[in-house]
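Asker: I would like the atomic coordinates for the input below:
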Amino acid sequence: MHFWSKLLLSPTSKASRFIFTRYAHTIEGPEPAYHQIVSGYQTYKHENESFPLKYNNKSLNEFQLAYETWGKLNVKKNNAVLIFTGLSASSHAKSHDQNTKPGWWEQIIGPNLAIDTNHFFVICCNHLGGCYGSTGPSSIDPKTNKAYGTSFPMLSVEDFVRSQFQLLKHLGIEKLHASIGSSLGGMCSILSGLLFSKNVGRVATISSCISPYPTAIALRYLQRKMIMTDPNWYGGHYYDKGAYPLEGMRIAREIATLTYRSGPEWLERFGLRRFNDNINLSPTFEIESYLQYQGLTFAKKYDPNSLLYISKAMDLFNLTEDYEKPSDALSQIQCPVLVLGSQTDILFPIWQQKQLAEGLIEAGNASVTFFELNSIFGHDTFLLDVNGVSTALKGFLEISALSIEEEEMET
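Answerer: Modelled structure (predicted):
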């Protein structure tokens, strides 16, 4: 219950390498379909068994995950695809009868689309620590009957992955056909291939990395600082104060928006156009007005503490940290892997995806495919370049979909 409702790949590399150039985009610019989701999802309740967390020797005695599904789980339960979300996304990746609003991957999931629900049973969760139906800082602590706030334990990307594999166990799914994710979700998907190598058939990691680089950490730190220095944050316990750190949250989102898109897009969409001819210290340019709108819109529909906890988990992610050498970790991932990135991404630069793909190859994975999209949308390419992302995913999943059908026909 919630109170708040890469090394460059050489030409001789063994990886399959594709560069897609896409120039078609509107001057107005598309925006991701993110909604404040309060219904239409199912819940998995983890009870009667302590769930250990990565940091500070903490655990959760109970938690719930909000999730949504599309397609049908076949008899062998071998056609499941788990989609890990980005930082602030809900489980609502695709519309359905219980929630007809467009999902954030509306044009990628569905019959005859890239993630084809004629073949696959698709699952998407709101991360542990989130605020769209899963247990997080805005949830009620059963020990105090008040919102957790910052008494909620620190989380890791590993916790996100392990908690969702608890859901898979609950659903009777022993092995995923594929694990797919973008941004934070890409961290989760590649980590699932490491932690659960025998339970994941293939991995698609989009706009992600082996570990974040210092600039990305610094930018997320500034976002957290904006929230935590807002006097209405109250140390994270604002839920029962009749207050809300709106200003801090708004500025945090303005900073984030800069990292999600690209300079070339800003130049084309806004240039130096002005919306205000009165010259003073107030905003003058259209880009300023756009950032204000994005900040205020998001500030009202996402819990600030969830942003703090989940963004910190992203900063702490390091795929190879528990191994003596990076290759020791990467060698554990031997399933087919699709690595996809955008040339204009400044939050997860394309060299990080190249580094991951090359590292997997050098560690002995013979089935690595690398896609590089020349999209103008920066980090948000995974949400907005439907054709480019769909082409990569469909090719990666299509052949395996046929093998699933053949296995089903034999039984």
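
Asker: okay, CA-based contacts and neighbour counts for the rest of this
Answerer: Noted.

Asker: can you give me the helices in this protein?
Answerer: Under the criterion DSSP state H, the chain carries helices at the ranges 157-170, 184-195, 214-228, 246-260, 263-269, 286-299, 304-316, 326-330, 350-362, 381-384, 386-410.

Asker: and among these, the most buried is which?
Answerer: Mean neighbours per residue, mean count of other CA atoms under 10 Å, is largest over the helices of the chain for helix 184-195, with a mean of 26.

Asker: which secondary structure elements does that helix contact?
Answerer: Using 3 or more CA pairs under 8 Å, 6 or more residues apart in numbering; DSSP states H and E as the contact criterion, the neighbours of helix 184-195 among helices and strands are strand 80-84, helix 157-170, strand 178-182, strand 203-206.

Asker: any idea how far residue 145 lies from residue 138?
Answerer: Counting by CA to CA, to the nearest Å, the gap between residue 145 and residue 138 amounts to 12 Å.

Asker: next one: residue 120
Answerer: In this structure, residue 120 and residue 138 are 33 Å apart, going by CA to CA.

Asker: When these two are compared, which one has more neighbours?
Answerer: More neighbours surround residue 138 than the other of residue 120 and residue 138, with 30 against 27 (other CA atoms under 10 Å).

Asker: And the more buried one, what's its pLDDT?
Answerer: As predicted, residue 138 sits at a pLDDT of 97.

Asker: Going forward, count from 33.
Answerer: Shifting the count to begin at 33 puts that one at residue 170.

Asker: That one contacts residue 336, doesn't it?
Answerer: No - assessed by CA atoms under 8 Å, residue 170 is found out of contact with residue 336, at 9.2 Å.

Asker: contacting residues for residue 156?
Answerer: Each residue near residue 156 by CA atoms under 8 Å, 6 or more residues apart in numbering is listed here: 99-101, 114-117, 123-125.

Asker: So for it, what's the pLDDT?
Answerer: Residue-level confidence at residue 156 comes out at 98, pLDDT.

Asker: partners of it in the sheet?
Answerer: Per DSSP bridges, the residues bridged to residue 156 are residue 100, residue 115.

Asker: Tabulate the helices of the chain (CSV), appending distance to residue 156.
Answerer: As requested, the helices of the chain are exported to CSV (distance: least, CA to CA, whole Å):
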stretch, distance to residue 156
helix 189-202, 9
helix 216-227, 10
helix 246-260, 25
helix 278-292, 22
helix 295-301, 30
helix 318-331, 21
helix 336-348, 17
helix 358-362, 25
helix 382-394, 23
helix 413-416, 15
helix 418-442, 16
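
Asker: Can you tell me which of those helices is nearest to residue 63?
Answerer: Nearest of the helices of the chain to residue 63, taken as CA to CA: helix 413-416 at 7.3 Å.

Asker: quick one: average confidence on the closest one?
Answerer: The model assigns helix 413-416 a mean pLDDT of 91.

Asker: what does stretch 285-297 give?
Answerer: Here the mean pLDDT over stretch 285-297 is 95, rounded to a whole number.

Asker: Ok, stretch 186-193 next?
Answerer: Within the predicted structure, the mean pLDDT of stretch 186-193 is 98.

Asker: Where does pLDDT dip in the stretch 183-332 of the chain?
Answerer: Across the stretch 183-332 of the chain, not a single residue meets the criterion (pLDDT under 70).

Asker: For the stretch 33-182 of the chain, which segments count as strands?
Answerer: 48-53, 74-78, 83-84, 91-92, 95-102, 112-116, 141-142, 147-148, 153-157, 172-173, 178-179 (DSSP state E, counting those that start in this stretch).

Asker: Residue 297 is nearest to which of the ones you listed?
Answerer: For the strands of the stretch 33-182 of the chain, the distance to residue 297 is smallest for strand 48-53, at 14.7 Å, taking CA to CA.

Asker: Mind telling me which residue is nearest the centre of this structure?
Answerer: Here the mean C-alpha position of the chain is nearest to the C-alpha of residue 118 (CA atoms, centre = their mean), at a distance of 1.8 Å.

Asker: mind listing what residue 272 touches?
Answerer: For residue 272, the contact set (CA under 8 Å, 6+ apart) is empty.

Asker: Could you do residue 74 as well?
Answerer: Contacts of residue 74 were listed using CA under 8 Å, 6+ apart, and they are 98-100.

Asker: switch the cut-off to 10 Å
Answerer: 96-101, 123, 130, 157, 165 (CA atoms under 10 Å, 6 or more residues apart in numbering).

Asker: coming back round to it: thinking the residue nearest to the centre of the chain is in contact with residue 158, fair?
Answerer: Yes - taking contact to mean CA atoms under 10 Å, the distance of 9.4 Å between residue 118 and residue 158 places them in contact.

Asker: Pull the number of nearby residues for residue 305.
Answerer: 12.

Asker: What of residue 203?
Answerer: Neighbours around residue 203, by other CA under 10 Å: 12.

Asker: For residue 197, see how far away it is.
Answerer: In this view, residue 203 and residue 197 are 10 Å apart by CA to CA.

Asker: Repeat that for residue 220.
Answerer: Note on residue 220: its distance to residue 197, by CA to CA, is 11 Å.

Asker: what residues are shared contacts of the two?
Answerer: Between them, residue 220 and residue 197 share these contacting residues under CA under 10 Å, 6+ apart: residue 191.

Asker: ok so, going back, just so I know, which of the helices of the chain lies nearest residue 68?
Answerer: Residue 68 lies closest to helix 318-331 among those, at 9.3 Å (CA to CA).
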